[in-house]
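Peer 1: The sequence and its predicted three-dimensional model are supplied below.
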Amino acid sequence: MTRALRQQRLPILAVVACALMAAAIASIAYVAPVDANQGLSQKIFYFHVPIALTAYAFFAWGAWKALRVLWKRDEAADLESYVAIHQGVIFGVLTLVTGSIWAKISWGVWWAWSSNQLVLFLVLFLFYAAYFMLRYSVDPGPQRANLCAVYALFGVALIPVSFLAIRLANDFIHPTVFTSNGPQMSGRMFFAFCLSWAAMLALAASLYHVELAGKRLDSRLRELREVLAR
Amino acid sequence: MSYLADVGALARKDLLLELRSRDTLPAMLLFVLSSFVVFHFVLPTGTDRLAAQGLLWVAIVFTALLGLARAFSAEREQSVLDGLVLATRDLSAIWFGKALSILAFLALAEVVALPVFGLFFGRVELRTVAAVALADLGIAAVGTLLAGMAAASRARELLLPLLFLPLVIPLVIGGVGATVADHPSSYLGLLALYDAVFGLVAWGSFAYVVAE
C-alpha cells in the first residue's frame, strides 16, 4: 500500500494541488471580504504573500538538502537542493512580479525601494541567479556538489541579515501583516489566506517533483548512453 | 597553537609574495584613486556632500573585488593549492591565512585612499573609519571564500563579482548607514553582526570548497 502510494505520489500531489487551488480561488473570490481601503486590488495579497512564503520555504529546503550534501555526503541531495533553489527562484520572480503589480495599483509606482520585502527579494534573486552561474561553470562531480552546497548555505545566512539591513535602512511603508501580536486579519481573511498558501505549497511541491523526476531521468539516460557507447 | 602557526605561515607567504612581485596592491591603489576622479565627474555641481560619502563605499567594494580576483591566482597557476591541501593540518587555515593577507591589502589601500578621499570630498569622520574597518573584516572573510569558489570554476574572474556583490549588499547598507545616518551605532552593530555570522560560515565551510 505504502509502496503504491509512493509510486503514485506525483499524480496524487498534482490532483491535491489542483483541488486546493480551485478551493483557494473560490474562497478568495467569495469568502474573503473586499478590503475597505484598497477594494478589489487587495485580493492580490492572497497570491503575493503565499508565493513569497513558498519561495522562502524552497530556499530553506534547498539549504537543508545542501547541508545533507556536506554533512551526510548524500549524493542525491545535490540534485534535490538544486531543484529546490530553482523552484525558489521561479517563485521569487513571481513574488517580484505580483509585488510590482500591487505596488503600481496601491502606491502608483511599479517599483518602490521603500518596500523592504521587494528589495529583499531582488537581492535574493541576484544571489540565487549567481548560484546557477556557479553551478554551470563547474564540471559535474563531488566538487560541484560541495561548492553549490556551501553557496546555498550562505543564502540562509544572507536572508535574515539582509532583511535586518534593509529594514534598518528604510521607513516602513510596506504593510506588515504578521506582527508579534499575531496576524492582523479577520477570521475569513485568514482562512482564505491559509487555504491559498496551502494551495501554493502543494503546487510548488508538485512542480518540484516533476522537475526532479525529469532531471533524474536525464542523468539516468546519460549513464545508459555512456554504457552503450562503451 | 599549530593552527595559528599554519595561519601565520600562510599569511606571511602571501605578504612576501606581494612584497617581491608588487602585483596587487599598486593596482588596488591606482584603481581606488582613479575611481575618485571618476566620482568627481559623476557628481553634478551642487550635489549633496552625502552623495560623495555614499560613493566611497562603491570604491571600497570594487577595490576589494580587484584584489580578490587575484587572491588565488598564484595558487592556481602552479597547482600550489593541491600541495597546500595536502600539507595543511586543518584546511580552514588556508582560508584564514588568505583572509588575513587580503585584509592587510585592503587596509593598506584604505590607509592611502581615505585621506585622499577626505582631501577631495570633505572630511572623513571617525565613524566612517570604524565602519570601513568593520566592513573590511566581512569583505575579507566572504571574499576569500568566494574567490576560492571562483578559482575552482571555469568562469573564474567573471564569476567572482556575480557571487560577491549580492552577498556584500548588507555590508554596503551598514557602511553607508554608519557614514551618513544620525545614529550610526545600529549600523555599526549590523556590520559587526555580519562579520560574526559570515566569518563563522566561511570559516566552517572553506574546507568543502578546496577538498573533494
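Peer 2: Cool, got the structure.
Peer 1: so how far is stretch A:212-230 off the chain centroid?
Peer 2: For stretch A:212-230, the separation from the chain centroid amounts to 28 Å (computed by C-alpha atoms, centre = their mean, to the nearest Å).
Peer 1: Flag every buried residue along that stretch.
Peer 2: A:Leu212 (16 or more other C-beta atoms under 10 Å in any protein chain shown). Yep, even glycine has a C-beta here, placed from its N, CA and C like the rest.
Peer 1: cool, and stretch B:9-17?
Peer 2: Those would be B:10-11, B:13-15, for stretch B:9-17 by 16+ other C-beta under 10 Å.
Peer 1: So which bits of chain B are right by chain A?
Peer 2: Those residues of chain B that sit near chain A, judged by C-beta under 8 Å from any C-beta of the partner chain, are B:142, B:145, B:149, B:152-155, B:159, B:162-163, B:165-167, B:169-170, B:173-174, B:177, B:186-187, B:190, B:193-194, B:197-198, B:201, B:205, B:208-209, B:211-212.
Peer 1: same thing but 6 Å
Peer 2: Neighbours of chain A within chain B, by C-beta under 6 Å from any C-beta of the partner chain: B:149, B:153-155, B:159, B:162-163, B:166, B:169-170, B:173, B:190, B:194, B:197, B:201, B:205, B:208-209, B:212.
Peer 1: Would you mind listing what in chain A touches chain B?
Peer 2: Counting by C-beta under 6 Å from any C-beta, chain A sits next to chain B at A:70, A:123, A:126-127, A:130, A:133, A:137-138, A:142-143, A:146-147, A:150, A:157, A:161-162, A:165, A:169.
Peer 1: And the buried ones among these, selectable in PyMOL?
Peer 2: Here is the PyMOL command that selects the buried residues among these (16+ other C-beta under 10 Å):
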select buried, chain A and resi 70+123+127+130+137+138+143+146+147+150+157+161+162+165+169
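Peer 1: just to revisit the earlier point, among the residues of chain B next to chain A, which are located in helices?
Peer 2: Using DSSP state H, the subset of those located in helices is B:149, B:159, B:162-163, B:166, B:169-170, B:173, B:190, B:194, B:197, B:201, B:205, B:208-209.
Peer 1: farthest pair in those residues?
Peer 2: B:Ile173 and B:Tyr208 (28.4 Å; C-beta to C-beta).
Peer 1: Neighbour count: the two, which is higher?
Peer 2: Between B:Ile173 and B:Tyr208, counting by other C-beta atoms under 10 Å in any protein chain shown, B:Ile173 is the more crowded of the two (26 against 19).
Peer 1: Contact partners for the more buried one?
Peer 2: Counting by C-beta atoms under 6 Å, 6 or more residues apart in numbering or on different chains, B:Ile173 makes contact with A:165, A:169.
Peer 1: Helix, strand, or coil at the residue positioned nearest the centre of chain A?
Peer 2: With distances taken as C-alpha atoms, centre = their mean, the residue of chain A nearest its centroid is A:Ala55 (1.8 Å). Here A:Ala55 is recorded as helix under DSSP: H, G, I helix; E, B strand; the rest coil.
Peer 1: Chain neighbours aside, what residue packs nearest to it?
Peer 2: Nearest residue to A:Ala55, sequence neighbours excluded (C-beta to C-beta, 6 or more residues apart in numbering or on different chains): A:Phe91, at 3.8 Å.
Peer 1: ok, the residue in chain B sticking out farthest from the centre to chain A distance?
Peer 2: Using C-alpha atoms, centre = their mean, the residue of chain B lying farthest from its centre is B:Gly46. It sits 31.8 Å away. Relative to chain A, B:Gly46 is positioned 23 Å away (C-beta to the nearest C-beta, to the nearest Å).
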